[in-house]
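Asks: Kindly return the folded structure for what I paste below:
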Amino acid sequence: QVQLVESGGGLVQAGGSLRLSCAASGLTFSSCAMGWFRQAPGKEREFVAAISPFGGNTYSADSVKGRFTISRDNAKNSVYLQMDSLKPEDTAVYYCTARIGRATMRQYEYNYWGQGTQVTVSS
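Replies: Presented below is the predicted three-dimensional model:
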């Protein structure tokens, strides 16, 4: 059974940093592209960042470029999202996702989802 477990969310002031982690099990991690999506209250879930199976390619939304960095450690079956210069508009539930194959920004192409972790940025 595939499990994706996020951690690292919390409350932070604007301008601060958080590092989200996602631990994966039940899948061949090095065969999977990994992604992060987020959903703010009253809004649709949106793409944040994605990384290819061996980390050679990364993609990020324009809204987080230069502030968020996605990375992975295949030896630990984990993916990370380093979030710097946080803004109140980054407040959302952040979801870790996985798919077998290439990284994509399209959420319907991801097969597995975590339960999410709340990130709240105060002004």
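
Asks: Show me the residue sitting in the middle of the chain in space.
Replies: The centroid of the chain falls nearest to Trp36 when counting by C-alpha atoms, centre = their mean (2.4 Å).

Asks: What's opposite that residue in the beta bridge?
Replies: Ala49, Cys96 (DSSP bridges).

Asks: Was I right to think it contacts Tyr94?
Replies: Yes. Trp36 lies in contact with Tyr94 (C-beta atoms under 8 Å); the separation is 6.0 Å. All C-beta atoms are positioned from the backbone trio N, CA, C, and that covers glycine.

Asks: what's the overlap in contacts for these two?
Replies: Shared contacts of Trp36 and Tyr94, defined by C-beta atoms under 8 Å, 6 or more residues apart in numbering, are found at 20, 48, 81.

Asks: so the first one sits in a strand?
Replies: What that stands for is Leu20. Yes. Assessed with DSSP: H, G, I helix; E, B strand; the rest coil, Leu20 lies in a strand.

Asks: ok, now how distant is it from Ser123?
Replies: Noted for Leu20: a distance of 21 Å to Ser123, by C-beta to C-beta, to the nearest Å.

Asks: So the two - more neighbours on which side?
Replies: Leu20 (23 against 9; other C-beta atoms under 10 Å).

Asks: Who does that one form a beta bridge with?
Replies: Residues in beta-bridge contact with Leu20 (DSSP bridges): Leu81.
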